[in-house]
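In: sequence and predicted structure are below.
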Amino acid sequence: MTLVLNKAGERHASQLIANGDDNDSDPWSFDASDEDALLGEGGDNWDAYTKWFLGEDTDATERTKERFKYPFGKNGKVYRSALRAIRSRSAQQNDTDVYDAAGRLMDEMNQKSEDGKKTSQEGLETRDIVAPRLCYRAASVQLVPGTINHAERTIDCIFSTETPVQRSSWSDGDYVEVLKHDPKSVRLDRMNKGAAMLDSHDYYSGLRAMIGAVVPGSARIENRQLAGTVRFSRNPGGDAAFQDACDGILTGLSVGYATHKVEIDDTQTPSVHTVTDWEPYEVSGCPMPADVVAGFRSAQPHGSTRGTPPAISERETTTMKETTAPAGAVAAELDANTRSAIQAGVQFGIKAEQERRDGIADIAKKLGLADELAAEHVRKETPLDAFRTLAIDEAAKLDRASPQTDASNPFASNPNVIRGGIKRDPEKGEMAARMLRCLAFAKRSGFSPLDISGRMWGDPLLTRAMAAGVGASGGFLVPEQYAAEVIEFLRPASAVRKLNPIILPMPGGNTSMPRLASGANAGYVGENKPIVGQDLGTAQVKFSAKKLAALVPISNDLLAFASPQADQVVRDDMVTAIAQAEDVAFIRGSGTEYTPRGMRNAAPSSNVIAANGTVSATNTNDDLKKLQNALTNSNCRMLRPGWMFAWRSRNYLYNLQNANNQYIYRDEMNQGKLNGFAYAVTNNIPINLGSGSDSEIYLTDFADAVIAEVPGLRIDVSNEAAYNTDSNTVVSAFSNDQTVIRVIEEHDFNMRHDPSTAVLTGVTWS
């Protein structure tokens with residue numbers, strides 16, 4: 001990709017700003033519908049479209065959306081938040097010209113002041129936060145003696161200071177944030193009512209995360225710092241944290257707070273956001289602080305012989321010289337080391353913020369939650385992990401408020417909402433499908449498979465099976481009892497299994513059984529005469545496990561729909577994929593190291609018979625008799641003989657008439673038989689062999705056909721995989737909003753008596 005500055009776009013943006021067509025406050029978003037709107041009603045106004053982007057990829061095809069990057073506006077306006085986002089992303093991508101152009105446009109916006117929406121002469125914009133954002137500020141400090149009270153388990157703390165902290169958001173880009181510390185700027189009601197002290201801002205683990213609390217009434221502003229006293233809990237987490245604080249190991253604190261009002265100075269690079277109205281919610285023990293001033297005021301541990309560290313001076317605890325200092329002075333006070341640390345984290349912060357927003361939107365969509373809920377938590381800066389837990393709880397509320405799915409009302413559930421409480425016994429194969437969907441949903445959404453299994457179905461057996469499901473060789477193991485149900489469903493789906501071959505368990509991956517190599521001879525003997533030695537020729541049929549990998553694409557819309565119908569769809573798709581792959585191998589497999597030897601390659605040459613070149617009712621009947629004779633003449637036992645043929649051949653036989661216009665085979669075929677033997681139809685017998693239109697017909701005694709199986713199934717999941725629908729078409733799961741499951745079944749196939757298969761070739765019946 002060769003990206004250059006789109007000068008036409010910069011000129012257009014500059015003209016819009018000059019005309020007052022700019023948006024200075026709204027957050028930025030840009031999706032496919034916005035792109036389509038820029039192209040106009042006809043969808044081909046490329047001259048207008050190209051003017052709304054600052055970047056152009058000259059390697060991309062002209063007059064395509066892929067050619068233009070870095071959109072800066074929509075609805076006829078330039079967005080300040082878009083320019084901030086462009087600055088952040090272009091810096092990350094080293095697109096210097098675009099970065100500079102966005103800066104020039106922001107400078108032009110800073111010079112305007114009409115309608116009270118632009119910055120003042122000092123370059124300040126005041127923003128009221130309608131939906132307060134929950135933020136965190138980590139801090140630490142040197143220990144000061146005399147504040148530990150072992151009896152009360154309390155320590156005095158500095159919760160936060162006016163130290164500038166680098167932040168980044170998708171809407172504002174990277175900026176420096178300063179929390180003003182004066183009584184008018186800090187809302188202390190929550191803190192002074194005994195706010196919680198948590199372990200690393202863990203809001204969602206309930207009481208397990210509480211390691212203490214702020215002593216009621218102790219929170220205060222002093223020396224432009226937020227100070228107070230914390231009391232540690234006597235639970236295990238609180239005991240450990242208190243001891244570590246006493247020992248000087250735990251020195252870091254972080255305050256969780258919401259911002260209500262902020263003054264923004266865009267004349268600095270990065271811009272400075274001075275928060276003039278904010279509300280601390282809680283404090284947390286923090287292992288990696290950023291604010292090097294705040295933290296515990298603690299004494300040395302009892303009995304320690306270490307020297308007492310010096311007290312912190314007023315200058316060390318105050319990072320702003322005067323409350324009236326201009327915003328530009330804040331950035332100037334950042335020393336070289338601090339700036340270096342800030343820059344190291346900026347790029348990571350930008351990427352993390354984008355992933356957080358995308359993740360929240362994706363989780364909300366998969367659980368059928370309202371877009372407004374996702375937007376609210378994007379604005380609140382809710383961490384992605386926290387939103388996952390919250391989203392499951394919200395989906396559960398919707399579930400309790402909705403009709404429950406049951407056998408009498410199977411369509412009561414909303415297909416876009418995660419459902420729970422299904423009180424019905426699952427059909428065969430559904431449990432394996434549920435495990436498969438749990439793993440697929442977990443891989444896509446980031447949830448735990450155990451959490452999904454418990455909340456979607458509330459089945460402890462399923463949850464235990466999920467917990468024990470990771471195999472030593474990788475993948476995820478479907479337990480034997482659930483896999484057996486899937487195999488049972490394969491019987492009607494697979495042509496070979498439908499005709500009742502021998503199923504031989506193969507737990508160790510290798511086994512063998514006797515092969516009938518030649519017919520037995522028998523004769524009469526006289527009294528007291530020796531029995532003439534007649535050999536029953538035998539050998540060993542060896543089986544070794546071969547991996548069958550079937551790809552099962554699942555619509556992502558099904559993953560969060562916990563209904564019997566969804567389970568059955570996934571089960572049936574899985575069974576179909578396995579059945580097709582099995583038939584291909586068992587019928588025509590080449591017998592290599594990795595593929596079973598199919599019936600076609602097991603049949604002796606004497607049992608491979610060419611069909612009569614002239615298609616007629618008489619010749620067809622003769623051809624079928626030839627296969628029957630081939631088996632009976634080979635000493636085949638004819639215990640469970642069965643036919644297999646393609647649908648084209650079946651349709652021909654079903655509609656074949658004699659000279660009196662009577663159907664020859666139809667009545668018998670309606671009962672599932674042909675010439676007295678069961679038959680199965682499959683698309684896995686080709687109809688393009690030989691000259692390009694030939695097919696084959698098989699007659700096999702399935703009492704001599706053996707499938708040796710390793711119990712269980714192994715499944716793996718991918719959101720980015722591609723798969724083939726035929727030999728020429730490759731489908732991307734990502735592009736089609738699908739998740740692809742790879743189901744691995746281990747088995748082998750062989751004939752116990754090779755002459756028990758006869759093949760009619762060159763079949764052109766149609």
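Out: The structure has been received and is ready for your questions. Note that the structure is predicted; figures quoted are calculated from it, not measured.
In: may I have the beta-bridge partners of the residue lying closest to residue 198 once chain neighbours are set aside?
Out: Distances taken as CB to CB, 6 or more residues apart in numbering place residue 284 nearest to residue 198, at 4.5 Å, with adjacent residues excluded. Every residue, glycine included, has its C-beta placed from N, CA and C. Note on residue 284: beta-bridge partners residue 198, residue 254, judged by DSSP bridges.
In: and residue 284, how close does it get to residue 693?
Out: Distance of residue 284 to residue 693, computed by CB to CB, to the nearest Å: 74 Å.
In: tell me which of the two has more neighbours.
Out: residue 284 (22 against 13; other CB atoms under 10 Å).
In: residues touching the more buried one, list them.
Out: Taking CB atoms under 8 Å, 6 or more residues apart in numbering as the criterion, residue 284 is in contact with 136, 197, 198, 199, 200, 201, 202, 253, 254, 255, 256.
In: return the item of the residues you listed having minimum pLDDT.
Out: On pLDDT alone, residue 136 ranks lowest of the contacts of residue 284, at 56.
In: picking up where we left off before, just the buried residues out of the contacts of residue 284, in PyMOL syntax.
Out: Under the burial definition 16 or more other CB atoms under 10 Å, those of these that qualify are selected in PyMOL by:
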select buried, resi 136+197+198+199+201+202+253+254+255+256
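In: who touches the nearest residue to residue 590 once chain neighbours are set aside in this structure?
Out: Nearest non-adjacent residue to residue 590, counting by CB to CB, 6+ apart: residue 601, 6.4 Å away. By CB under 8 Å, 6+ apart, the contact list for residue 601 reads 588, 589, 590, 591.
In: what about burial for those, which qualify?
Out: By 16+ other CB under 10 Å, the contacts of residue 601 give 588, 589, 591 as buried.
In: ok, the first one touching residue 600?
Out: Spelled out, it's residue 588. Yes. Using CB atoms under 8 Å, residue 588 is in contact with residue 600, at 4.6 Å.
In: on that earlier part again, out of the buried ones among the contacts of residue 601, which one has the lowest pLDDT?
Out: residue 591 (86).
In: was I right to think that one contacts residue 598?
Out: Yes. Using CB under 8 Å, residue 591 is in contact with residue 598, at 7.3 Å.
In: which of the helices or strands spans the nearest residue to residue 498 once chain neighbours are set aside?
Out: Closest residue in space to residue 498, ignoring its immediate chain neighbours: residue 680 at 4.6 Å, by CB to CB, 6+ apart. Residue 680 belongs to strand 677-681 when assigned by DSSP states H and E.
In: after that strand, which helix or strand is next?
Out: strand 695-701.
In: state the pLDDT value of residue 565.
Out: pLDDT, residue 565: 69.
In: wasn't residue 386 part of a helix?
Out: Yes. Residue state for residue 386 (DSSP: H, G, I helix; E, B strand; the rest coil) corresponds to a helix.
In: roughly how far apart are it and residue 368?
Out: Distance from residue 386 to residue 368, by CB to CB: 19 Å.
In: now swap in residue 713 and tell me
Out: 29 Å.
In: the strand holding residue 680 pairs with which strands, and in what direction?
Out: With DSSP bridges as the test, strand 677-681 pairs up with strand 641-645 (parallel), strand 673-674 (antiparallel).
In: outside of it, which residues touch it?
Out: 495-496, 498-499, 640-647, 650, 669, 672-673, 699.
In: distance from the chain centre to it, please.
Out: 42 Å (CA atoms, centre = their mean, to the nearest Å).
In: cool, stretch 494-505 as well?
Out: For stretch 494-505 - counting by CA atoms, centre = their mean - the centre lies 36 Å from the chain centre.
In: now it: buried residues?
Out: Judged by neighbour count using 16+ other CB under 10 Å, the buried positions of stretch 494-505 are 494, 495, 496, 497, 498, 499, 501, 504.
In: CA atoms of it as PDB?
Out: What follows is stretch 494-505 as a C-alpha-only set of coordinates in PDB (Å, rounded to 0.1, in the frame of the first residue of the first chain):
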ATOM      1  CA  SER A 494     -24.100 -42.100   5.400                       C
ATOM      2  CA  ALA A 495     -24.800 -44.500   2.500                       C
ATOM      3  CA  VAL A 496     -22.200 -47.000   3.800                       C
ATOM      4  CA  ARG A 497     -23.400 -46.900   7.400                       C
ATOM      5  CA  LYS A 498     -27.000 -47.100   6.400                       C
ATOM      6  CA  LEU A 499     -26.300 -50.600   4.900                       C
ATOM      7  CA  ASN A 500     -25.200 -51.900   8.300                       C
ATOM      8  CA  PRO A 501     -21.500 -52.700   8.200                       C
ATOM      9  CA  ILE A 502     -19.600 -54.100  11.200                       C
ATOM     10  CA  ILE A 503     -18.600 -51.300  13.700                       C
ATOM     11  CA  LEU A 504     -15.400 -52.300  15.500                       C
ATOM     12  CA  PRO A 505     -14.300 -50.200  18.500                       C
END
